[in-house]
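here you go, sequence then predicted model.
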Amino acid sequence: MAFFKNLFQSKNRKAKAQKYKIGMAKTRESTFNQLNELLASGKKIDEGLFDDIEELFIMADMGVDTVIKLVEHLRNTVELKGIENAEDLKEIIVEEMFKRYVQEEIVDTNLDTDHEISVLLFVGVNGVGKTTTIGKVAYQLKNEGKNVMMVAGDTFRAGAINQLKIWSERVGCAFFSKPEGSDPSSVMFDAINEAKKNEIDVLLCDTAGRLQNKKNLMNELQKIHHVIGREISHAPHETLLILDATTGQNGLSQAKIFNEVTHLSGVILTKLDGTAKGGIALAIKEAIGVPIKMIGLGEKLEDLEYFDIEEYIYGLFSEVI
Amino acid sequence: MAFEQLSDRLQMALRRIKGKVRLTEKDIDEMMREIRLSLLEADVNFKVVKSFTKDIREKATGEKILKGLNPAQQVVKVVHEALTDLLGGETASFELSKNQQSTIMLVGLQGSGKTTTAGKLAKFLQKNDAQKPLLVALDVYRPAAVDQLVTIGKQLDIDVYEKGIDEKPKHIAQEALQYGIQNGHDLLIFDTAGRLHIDETMMGELKQIKATINPDEILLVLDAMTGQDAVSVADHFHGSLDITGSIITKLDGDTRGGAALSLRKVTDVPIKFMGLGEKLDALEVFHPERMASRILGMGDVLTLIDKVEENVDEDDMMNMMEKMMSGKFNFNDYLKQLKMIKRMGSLGGLMKMIPGVNKMMKNTDIDEKQLVYIETLIGSMTKQERKQPRLLKQNASRRRRIAHGSGRSVAEVNRLLQTLDQQQQAVKKMGSMDPKSINPNDPLKNMQMPSNKKAKKGKGKGKGGFRF
């Protein structure tokens, strides 16, 4: 467990974690302070305590399965190591969460944008913040010196094209659209040709929000994905599921089905500046193996951060440790 | 439709005790665990789950249940009642104020579906009471939000009041009120910007708008996929604004929608409408009792009837039923019926409202294209064939011709013929039931419907909650 002491000692890291702390201040206050209380020193470990811990994790939308497994692990560890003081559980919890997320892999949160033309496809259900996220990603990539073009692939929802256009003006990047009601695959096709002519480095492709159980809309998405891959081999280089942090268990179903249709490369967790914890993203990583790449922490262009599991846990538990 | 898995789990839990004469303490423990887990998986707030299962346990262990007679049914009844209660008991009434001008304000988080709902609500209320609704665009923050409302207004042919994005929302609201009076609008729906419930500045803005327009209704629009946080969201919005009700959106997804269950219980605010799709007519009144039935896999016949009534000419319907019962139902009628179904909306959604079908259809995708194929098939028949389906039964070369002409297979023609037969028989059977003995409010009787083998044996008189 000394590992975790080291983990949070780096000053640099602590400074970075401040951002998470601010973004998720309410998160910690509302729930994880309760954990702190729960695991106060001197408290005895009994069944009631495990129940309470279970509830706290469920409150964070971490997924019933994940939570049950986690608590089961706690029970076993307590028995195995003969732990008696509730306070000692804190580090075990943090360590176990970390291990479960990383699963002995190297989790790479960088976006793959080093191709001649890199294509990033943004998918998700309605109202999760796809368009806003594209604005933020464009801003970040532009600051990294990339020549970015946004592609208005949501030709269905009223006002969606205009919404993206306004973001492109704010960022100051190229923008491609066809009239409302156009076939989104044809938008992608034309955008790629346009990008080839104009020396664009990165294409950020918006898509219409769709519920994952709508078969026709998922077929449409598959076609979009296919057309992009036909025009540029190995594209899209990133297919990112945008996930609202307030989403509950349905997030798992979203990730599963979108992954089947488009092979997700990552999740961007939005609206983490509210009181929701977005714990379902941890369950997604565990169940499907798709990592969280970035998190949205507000409505401004710069409110986007690369995801770091250590900082995320630190943000959640900074008062616990 | 939502809640499928929840109903599966509950049914699983209840199946175990089915057939037992007496419930032991252990049975109840096990059942409570299943109910608890399934509700948690459905995103019901854990506090609500706690009190719910406690409630059930008390009722289930009380003397009422231990009389020994068919415990499964009694438990189903207890769960059904408790769920109905949790969902708000009775259907929340929604009446526009008798004033000359009714005002509704929509609030909620970003991306919950306020703007779409504003359009749907205007259309819904126009169909019912409001003569001349006006949509007011107060979302000056999200890029192109005003555009979106204007486009929706155009699609519905409903007026939209907008002042771009340079004025303060409360000023726009004030001016809209004046404009509404001057132009004889009897209903104003204010679409506000999405905001976080913990953003005090933005919540303050909502308070100002509320003070300006003094709305008859403030409705919280909540995404059905919301997790545990739903309660905190509702609490904050209610705390700041005293909302009068809520609307659950995106219930056409595969979410179990437990957030909706918690909402009412924790905030004591009724759920008034539910959104069931991206089309602008996909809004329905929220019925707690029916939703509870749906959770228990009892189908939602009442909503189906409502839909039928709303969209189908009653005379047409009666004619068709008579024809079916008398055995004179032909392909012309069948085509008519298909068109009715199309008017009523998504076939998948409709089918799932029928008790039993929900379970049957679990892994079958209903392909709406089938309807088109059937139309093509019927389109390839001669007039005479349409009137007299038996011509096709007797003559294989006619069936081949139709298959060829429609570009479908002979097997599909055969299947269509079978369907026509089956339908006729089903209706005949219904006709032999005595509708007076059916009590749609009695969940126990309705429960018999999914396994209606018994009904076929003639024991079923009045057992089915299926009534047109």
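Right, received. Where do you want to start? Numbering: from 1, shown residues only, chains lettered A, B, ... in the order given.

which pLDDT value belongs to residue B:163?
Reading off the confidence values, residue B:163 has pLDDT 93.

could you give the bridge partners of it?
Per DSSP bridges, the residues bridged to residue B:163 are residue B:165.

residue B:142 versus that one, what's the distance?
Per CB to CB, to the nearest Å, residue B:163 is found 15 Å from residue B:142. Bear in mind the C-beta positions are built from the backbone N, C-alpha and C, glycine included.

next one: residue A:208 from residue B:44, what distance?
According to CB to CB, residue A:208 stands 30 Å off from residue B:44.

typo on my end, it should be residue B:253
To residue B:44, residue B:253 is 17 Å away according to CB to CB.

so which of the two has more stuff around it?
residue B:44 (29 against 25; other CB atoms under 10 Å in any protein chain shown).

how many other residues sit next to the residue nearest to the more buried one when sequence neighbours are not counted?
Nearest non-adjacent residue to residue B:44, counting by CB to CB, 6 or more residues apart in numbering or on different chains: residue B:258, 3.6 Å away. Number of residues near residue B:258 (other CB under 10 Å) recorded here: 30.

cool, residue B:421 as well?
Counted by other CB under 10 Å, the residues lying close to residue B:421 total 14.

before we move on, what about residue A:82?
Neighbour count of residue A:82, defined by other CB under 10 Å: 7.

with residue B:207 instead?
12.

helices or strands up against the one helix or strand it maps to?
Element membership for residue B:207 (DSSP states H and E) is helix B:200-213. Packing partners of helix B:200-213 (3 or more CB pairs under 8 Å, 6 or more residues apart in numbering or on different chains; DSSP states H and E): strand B:102-107, helix B:169-182, strand B:187-191, helix B:230-241.

so which bits of stretch B:29-36 are buried?
By 16 or more other CB atoms under 10 Å in any protein chain shown, the buried positions in stretch B:29-36 come out as B:31-32, B:34-36.

and the residue in the stretch 1-150 of chain A that chain B sits nearest to, which of the three is it?
Residue nearest to chain B within the stretch 1-150 of chain A: residue A:127 (2.9 Å; CB to the nearest CB). At residue A:127 the chain is in coil, as set by DSSP: H, G, I helix; E, B strand; the rest coil.

you'd agree residue A:135 is up against residue A:301?
Yes - Residue A:135 is in contact with residue A:301 according to CB atoms under 8 Å; the separation is 6.3 Å.

give me the more crowded residue out of the two.
residue A:135 (27 against 18).

helix or strand: which one has that one?
Per DSSP H and E, residue A:135 falls inside helix A:130-143.

show me how chain B divides into domains.
Per the record, chain B has its domains at B:4-86, B:102-286, B:303-432, B:436-468, by automatic domain parsing.

flag every buried residue along stretch B:159-176.
Buried residues in stretch B:159-176, counted by 16+ other CB under 10 Å: B:159-163, B:165, B:169-170, B:172-173, B:176.

closest one of those to residue B:215?
Nearest to residue B:215 among the buried residues of stretch B:159-176: residue B:173, at 9.4 Å, using CB to CB.

any idea how far that closest one is from chain A?
Per CB to the nearest CB, to the nearest Å, residue B:173 is found 20 Å from chain A.

doesn't residue B:206 make contact with that residue?
No - here residue B:173 does not reach residue B:206: they are 10.7 Å apart, not a contact under CB under 8 Å.

number of nearby residues for residue A:277?
Neighbours around residue A:277, by other CB under 10 Å: 30.

who touches the closest residue to residue B:122 other than its chain neighbours in this structure?
In space, and not counting its chain neighbours, residue B:122 is closest to residue B:133: 4.3 Å by CB to CB, 6+ apart. The contact partners of residue B:133, taken as CB atoms under 8 Å, 6 or more residues apart in numbering or on different chains, are B:122, B:125-126, B:158-159, B:185-189.

give me the residues contacting the helix or strand harbouring residue B:121.
Using DSSP H and E, residue B:121 maps to helix B:114-128. Contact with helix B:114-128 is made by B:96, B:104, B:106-108, B:130, B:133, B:135, B:139, B:145, B:148-149, B:152-153, B:155-156, B:158, B:187, B:189, B:191-192, B:194, B:221, B:247, B:249, B:273, B:275, B:278, B:280-283, as judged by CB under 8 Å, 6+ apart.

good, we can wrap up now.
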